[in-house]
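S.K.: Need a 3D model of the sequence below.
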Amino acid sequence: MHCEEESVLFPNIHMTNNFCDTIKTNSSRPHFVPNDVLQSLKLYQTDNNYIIREADKNAGICVMNWDLYDKEVFNLLEDLNAYHPSTESQYLLHTLDFEDKLKI
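M.R.: Sure thing, here's the model as predicted:
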């Protein structure tokens with residue numbers, strides 16, 4: 001088990017194995033997970049304040065609390081060894097460049 005929530009999502013090992021097998025078998029089909037299951041997952045995610053994102057380096061997915069996720073994002077962005085604050089003019093210039101590439 002990777003986290004406490006895993007036992008809630010997959011209460012027994014058979015369910016986990018069946019889920020993984022279904023994904024492997026049907027991954028080439030666009031709608032291999034029924035819409036009602038997706039809606040239930042979205043509702044569970046919203047009700048419990050979770051965010052689901054891809055992990056770094058193609059390591060799978062991460063399920064985190066939104067507040068913790070936001071805190072980690074800001075911790076990374078505030079690390080001046082990795083990032084430097086941009087000026088307003090730099091922001092506007094890059095925004096215009098981005099819009100030009102999108103042809104907005």
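
S.K.: Can you pull out the low-pLDDT segments for this structure?
M.R.: 1-32, 104 (pLDDT under 70).

S.K.: Near the closest residue to S86 other than its chain neighbours, how many residues? Count them for me, please.
M.R.: The shortest distance from S86 to any non-neighbouring residue, by Cβ to Cβ, 6 or more residues apart in numbering, is to H94 (7.6 Å). Every C-beta, even on glycine, is put in place using the N, C-alpha and C of the backbone. Residues contacting H94 under the criterion other Cβ atoms under 10 Å number 11.

S.K.: and H94, what element?
M.R.: helix 88-102 (DSSP states H and E).

S.K.: Could you look up the SS state of M64?
M.R.: strand (DSSP: H, G, I helix; E, B strand; the rest coil).

S.K.: how far away is the residue nearest to S86 from A82?
M.R.: Relative to A82, H94 is positioned 18 Å away (Cβ to Cβ, to the nearest Å).

S.K.: can you pull out the helices in this protein?
M.R.: 4-9, 13-26, 35-47, 66-77, 88-102 (DSSP state H).

S.K.: ok so, going back, and the helix holding H94, what's buried?
M.R.: By neighbour count on 16 or more other Cβ atoms under 10 Å, the buried set for helix 88-102 is empty.

S.K.: Same question for stretch 65-81.
M.R.: Y69.
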